[in-house]
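> My questions concern the predicted model and sequence given below.
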Amino acid sequence: MAAHPSLGETLAVLLARDIADGEKVIIGTNSDIQLAACNLARRLQAPRLWWISGPGGMVNPTRDHLLSTADYENVESAESWMDLPVMIDFIDWKVHFFDFAILSALQVDRFGNINTVVVGDQRKPRVRGPGTVGISALCGLAKRFYVCLTRHDRSAFVPRVDFLCGPGHMEGGDSRERMGLPPGGPRLVLSPLGVFDFAPDSKAMRVKSISPGVSLEQIRDATAFDIVVEGTPPVTTMPTDHELELLRKHVDRRGDLRRKFP
Amino acid sequence: MTKSKIVSVDEAVAEIPDGAKVALGGWIFNSQPMALVRALIRKGARDLHLIPAPGSIAPDMLIGAGCVASTVCVFISFEQFGLAPNFRRHAESGALKVYDLDGPGIAGGLRAGICDLPYMPVPDLGTDLPKFAPEHYWPLPSKPGERKMLAVAAVKPDVCLLHAQQADEHGNVQHLGPPFFDAMIAQASRRVIVSVDRIVSTDTIRRSNHLTKLPSAMVDAIVEAPFGAHPTTSPSLYRSDEAHLKEYVKSSAGAEAFSFYLDRYVRNASSSAYLDAIGGSRLAALAVSETNLK
């Protein structure tokens, strides 16, 4: 029996399970969990996953341990790197080129819009975040995207993001399509408390499954909007011994996920 | 006979006037033009308008040293070390004017600058960016059923500061790794200043001319600055100095602490004194080969 999975390991495994072979995915910076998910999926059901990291434009870097996606060592171990202006075109203009993106955020709202820019007013923010970079286009143009948050509280799960830099379902309903964006948008939001998707018509966030030992009450308390609950959501299926063993032996040998996201 | 473009680091920045629009090359912890940034701080530059490629310590240090009136922010981050400390402090106090741009905004803006066009069209992705930077984004007319478009204003830096690995005296600049946004920034900038870790002969340049990303005609000044990207990576020559980046973040907790950092590493330190302060054994350990060692 493998040791109990850490939060970071669980999130990586849950993301990896949702990836199909042959898909094309882009991840952002500061993306240990996202990177682990991609390389784990390549070890499991998706050996021909093609993934690229926004910051470096590097394709399929695989090491047996995690490195910052801004780290030159990832550039060195990639199959190719792309000139960034070309990369920007690749991300930003070829509608639906990517199958999906995996992102994190300062805030996510009821309709899956995300914010990595500021908390509060942009002109005098309470928290100044890193900025938008490719997130506008990734959320706006990828066929689907995932939002992975390592905290779940009322400052992260907000009714409306303070600065919309990554369009999800905009104002809900069909507003994303009315904005002229291609269909798709946020597919899953993952947090320590559970996995969340979006109700088909309203496009409001709903509980898909709950982490073991967590109550619906806890999720409601930690979410600053009315989250949709239909019936009794199941408990999230935790990583198997096999998934954990692959992750620890071939993807995260140094145990960074356990150390950084216990 | 072509005149040599090699100048000292202080000469290179001497003619950058206060209030200039200064673009910064590299990418997050790669090839930040730090020797040039430190020289600009030593010179006492004021009221600069920064246009940084997605970066880290280069824009952050200039902001922390009080050289900056406004900055474009595509992405300014310290990644695993947290939010950019001085950028954060100055933006949160309201003192620093920040123009948030996204990838299409900066790439389209630089392209417009390069082509001498007033703007480039980009798709309207429904973000709040135009609301907070109307100088950079405005709606373009579209007919019903057509895709919604924005104009992004041309980005035309007065000067850009870049760091690459090697160049010759004529200003042929070679990147021994990804050039990131450097070539585009150089093409859009009125004046191009490049620091390199080493000067090589033109014969060396010719032997691997596919590495020349900036031909000499595009470059105005070359500065020889060994470890000139420290504490960030200079691809294929040395890795980023994580210990120093951590020290920098720790030293940026407040204005007073950061002033001590600047006194020690920037204001009272020439480029060689800076390297001495970092230490020879530390620098030697950053040299990369196959780096999967630790």
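Yes, it's here. All figures in this text were calculated on a predicted structure; none of them were measured in a lab. Numbering: from 1, shown residues only, chains lettered A, B, ... in the order given.

> make it CA atoms for all contacts and neighbour counts henceforth
Noted.

> pLDDT below threshold where in chain A?
Counting by pLDDT under 70, chain A has low-confidence residues at A:1-2, A:55-56, A:94-96.

> one more time with 90
A:1-3, A:28-31, A:52-63, A:66-98, A:141-143, A:180, A:182-184 (pLDDT under 90).

> Can you show me the helices along the stretch 1-150 of chain B?
Remark: helices assigned in the stretch 1-150 of chain B by DSSP state H, counting those that start in this stretch are B:9-14, B:34-42, B:57-64, B:85-92, B:103-114, B:129-132.

> Kindly report the same for the stretch 151-262 of chain A.
For the stretch 151-262 of chain A, helices defined by DSSP H, counting those that start in this stretch occupy the ranges A:175-178, A:216-221, A:241-246, A:256-260.

> Make CSV from those helices and add distance to chain B and mean neighbour count to it.
Putting the helices of the stretch 151-262 of chain A into CSV (distance: least, CA to the nearest CA, whole Å; neighbours: other CA atoms under 10 Å in any protein chain shown) gives the following:
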stretch, distance to chain B, mean neighbour count
helix A:175-178, 9, 15
helix A:216-221, 27, 15
helix A:241-246, 20, 17
helix A:256-260, 10, 16
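
> Would you format these as JSON lines with distance to residue B:98 included?
Shown next, in JSON lines, are these (distance: least, CA to CA, whole Å):
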{"stretch": "helix A:175-178", "distance to residue B:98": "28"}
{"stretch": "helix A:216-221", "distance to residue B:98": "34"}
{"stretch": "helix A:241-246", "distance to residue B:98": "43"}
{"stretch": "helix A:256-260", "distance to residue B:98": "31"}
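
> before we move on, back to that, relative to residue A:46, which of the helices of the stretch 1-150 of chain B is closest?
Taking CA to CA, helix B:103-114 is the member of the helices of the stretch 1-150 of chain B nearest to residue A:46, at 29.0 Å.

> pLDDT averaged over that closest one - what is it?
If you average the pLDDT over helix B:103-114, you get 95.

> what is the residue nearest to residue B:139 when sequence neighbours are not counted paired to in the beta sheet?
Nearest residue to residue B:139 in three dimensions, chain neighbours excluded: residue B:150, at 4.4 Å (CA to CA, 6 or more residues apart in numbering or on different chains). Here residue B:150 sits in beta bridges with residue B:122, residue B:139, as judged by DSSP bridges.

> What is the neighbour count of residue B:150?
By the criterion of other CA atoms under 10 Å in any protein chain shown, residue B:150 has 21 neighbours.

> gap between it and chain A?
Using CA to the nearest CA, to the nearest Å, we find residue B:150 at a distance of 13 Å from chain A.

> residues contacting that residue?
For residue B:150, the contact set (CA atoms under 8 Å, 6 or more residues apart in numbering or on different chains) comprises B:121-124, B:137-140.

> and if you look at residue A:128?
By CA under 8 Å, 6+ apart, residue A:128 lies in contact with A:117-119, B:83, B:87-88, B:91-92.

> got the end-to-end distance for stretch A:227-244?
31 Å (CA to CA, to the nearest Å).

> Quick check: buried residues in it?
Under the neighbour-count criterion of 16 or more other CA atoms under 10 Å in any protein chain shown, stretch A:227-244 has A:227-229, A:235-236, A:238-239, A:243-244 buried.

> Pull the number of nearby residues for residue B:143.
7.

> For residue A:140, which three-state class applies?
Assigned with DSSP: H, G, I helix; E, B strand; the rest coil, residue A:140 falls in the helix class.

> brain fart, residue A:52
Once three-state DSSP is applied, residue A:52 turns out strand.

> Can you give me the neighbour number for it?
Residue A:52 sits with 28 neighbouring residues when counted by other CA under 10 Å.

> tell me the contacts of it?
Residues near residue A:52 by CA under 8 Å, 6+ apart: A:24-27, A:58-60.

> just residue B:151 next, same as before
Residues in contact with residue B:151 (CA under 8 Å, 6+ apart) are B:119-122, B:136-140.

> Mind putting the residues you listed into JSON lines with pLDDT and neighbour count?
Below are the contacts of residue B:151 laid out as JSON lines (pLDDT from 0 to 100; neighbours: other CA atoms under 10 Å in any protein chain shown):
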{"residue": "B:119", "pLDDT": "98", "neighbour count": "22"}
{"residue": "B:120", "pLDDT": "96", "neighbour count": "22"}
{"residue": "B:121", "pLDDT": "95", "neighbour count": "20"}
{"residue": "B:122", "pLDDT": "93", "neighbour count": "21"}
{"residue": "B:136", "pLDDT": "98", "neighbour count": "22"}
{"residue": "B:137", "pLDDT": "98", "neighbour count": "24"}
{"residue": "B:138", "pLDDT": "98", "neighbour count": "19"}
{"residue": "B:139", "pLDDT": "97", "neighbour count": "16"}
{"residue": "B:140", "pLDDT": "97", "neighbour count": "14"}
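
> Show me which of the residues you listed is closest to residue A:173.
Ranked by distance to residue A:173 (CA to CA), the contacts of residue B:151 are led by residue B:139 at 24.1 Å.

> just so I have it, where are all the strands in chain A?
Here chain A has its strands, by DSSP state E, at A:24-27, A:50-53, A:58-59, A:80-81, A:100-103, A:107-109, A:114-115, A:118-121, A:124-128, A:144-148, A:157-158, A:186-190, A:194-198, A:205-210.
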